[in-house]
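Undergrad: sequence first, predicted coordinates after that:
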Amino acid sequence: DIKSLEDRFNEKIDKDIRIEPKDWMPENYRKTLIRQISQHAHSEIVGMLPEANWITRAPSLRRKAAALAKVQDEAGHGLYLYSACETLGIERDQLLQDLHSGKAKYSSIFNYPTLTWADMGAIGWLVDGAAIMNQVPLCRASYGPYARAMVRVCKEESFHQRQGFEIMLTLCRGSEEQKKMAQDALNRWWWPSLMMFGPQDKDSTHTEQSMRWGIKRFTNDELRQKFVDVSKPQADLLGITIPDKDLKWNEERGHYDFGEINWEEFFNVIKGNGPCNKQRVDARRNAYDNGAWVREAAAAHAEKKAKKQQA
Ligand code: FAQ
């Protein structure tokens, strides 16, 4: 009966035994995973757009090759995650419809524009840096397919982070103008990067339950603090300044204190009113519509092949 199934599920969670697709799971556990994994997949795919904007204008062949590879990696992460999500009994087409209709969210960070080449550095350094901070613990998430997908994703993400930091380092060791570009990119990406970790714990609807289920291993505020703590020395090494006058080492806490995040901006962006929300969703919708003939051709081909095999 349901009670013993639920007991068995809870026992596995308590013992850190992975939940697999064919195992019984509470309906809300399934729903929470579909919500989080699909949001994550959408973020990877929408996240290709801000950087793709610079592939044709990369300053050298080497930079162009790296940018192309990074954006391709993100496509791979998205497909990986859609597959993990499908193991929960939902169709990819449904997930895409929810993205296109605005029902499903994707990370707030990808609703900001990439104005200069330095943004490619800042995204790699900060956005991928924040992504890793959040995703390394997800390698231990209780749902098997999600946790396993995260292992590979994190390896690639850490390479992305380093290539971003190296772009920043090159700019910061360059001309006055290049250093200014790097500072300007840090100024624009710092606060939105902190927002990636989600609302403060006191305002987070899902954290408590997701921690109990072993989906999340740290709270939003804990991960945000870790990110601030590792980023400050990196900014010092680059010789640029984090745009927060309240950022200060707190000896007692053993952490950096930092200023108040503009939560009004965050909630506004996740409601669909950020600088690029409309542009991003339009781009995804157009790509889907323009790709219809490919999907139709692939389906027709598969059908023909199946018929041939039968004959
Ligand atoms: N943006 O109760 P919580 C990448 C929503 S990295 C938009 O705290 P939860 C790699 C949340 O969905 C970025 N919405 O929620 C890359 C919920 O709304 P709902 C993707 C946000 O789930 C790098 C509501 O607020 N990474 O793509 C955000 O427990 C460079 C209440 O929040 C992941 O998705 C936000 N920032 O914690 C690609 C990681 N924060 O659904 C290209 C996996 C919160 O009830 C270039 N996800 N919301 O309507 C997670 O770890 C979690 O889902 C959190 C949010 C931590 C994001």
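TA: Here it is on my side, so go on.
Undergrad: all contacts plus neighbour counts: C-alpha atoms, from now on.
TA: Fine.
Undergrad: now the element after whichever helix in the chain runs longest, going C-ward?
TA: Ranked by residue count and defined by DSSP state H, the top helix of the chain is helix 144-172. Going down the chain from helix 144-172, the next helix or strand is helix 176-195, by DSSP states H and E.
Undergrad: which residues are in contact with residue 83?
TA: By CA atoms under 8 Å, 6 or more residues apart in numbering, the residues touching residue 83 are residue 92.
Undergrad: from the chain's centroid, how far away is the longest helix of the chain?
TA: How far helix 144-172 lies from its chain's middle: 11 Å, per CA atoms, centre = their mean, to the nearest Å.
Undergrad: show me what it is packed against.
TA: Secondary-structure packing of helix 144-172 (3 or more CA pairs under 8 Å, 6 or more residues apart in numbering; DSSP states H and E): helix 61-86, helix 118-122, helix 128-135, helix 176-195, helix 220-238.
Undergrad: okay if I get these as a markdown table plus mean pLDDT and distance to the ligand?
TA: Shown next, in a markdown table, are the helices and strands packed on helix 144-172 (pLDDT from 0 to 100; distance: least, CA to the nearest ligand atom, whole Å):
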| stretch | mean pLDDT | distance to the ligand |
| --- | --- | --- |
| helix 61-86 | 97 | 6 |
| helix 118-122 | 98 | 10 |
| helix 128-135 | 97 | 4 |
| helix 176-195 | 98 | 6 |
| helix 220-238 | 98 | 6 |
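Undergrad: hey, which of those is tucked in deepest?
TA: helix 118-122 (a mean of 26; mean count of other CA atoms under 10 Å).
Undergrad: what's in contact with that helix?
TA: Contacts for helix 118-122 (CA under 8 Å, 6+ apart): 51, 54, 114, 163-168, 171, 181-182, 185-186, 189.
Undergrad: what's the first helix or strand after whichever strand or helix holds residue 285?
TA: Using DSSP H and E, residue 285 maps to helix 277-290. With elements assigned by DSSP H and E, the helix or strand that comes after helix 277-290 is helix 292-310.
Undergrad: gap between residue 81 and residue 159?
TA: 19 Å (CA to CA, to the nearest Å).
Undergrad: let's see the pLDDT reported for residue 169.
TA: pLDDT recorded at residue 169 is 98.
Undergrad: isn't it right next to residue 238, touching?
TA: Yes - counting by CA atoms under 8 Å, residue 238 is a contact partner of residue 169 at 5.9 Å.
Undergrad: what sits in contact with each of those two?
TA: With CA under 8 Å, 6+ apart, residue 169 and residue 238 have no common neighbours.
Undergrad: for the residue nearest to residue 214 when sequence neighbours are not counted, list the residues it contacts.
TA: In this structure, residue 214 finds its nearest non-sequential neighbour in residue 142, 5.2 Å apart by CA to CA, 6 or more residues apart in numbering. With contact taken as CA under 8 Å, 6+ apart, residue 142 is in contact with 13, 16, 17, 18, 19, 213, 214, 215.
Undergrad: measure the closest residue to the third one other than its chain neighbours to the ligand for me?
TA: Take residue 17 and drop its neighbours on the chain: the residue closest to it by CA to CA, 6+ apart is residue 142, 7.2 Å away. Between residue 142 and the ligand the distance is 13 Å, computed by CA to the nearest ligand atom, to the nearest Å.
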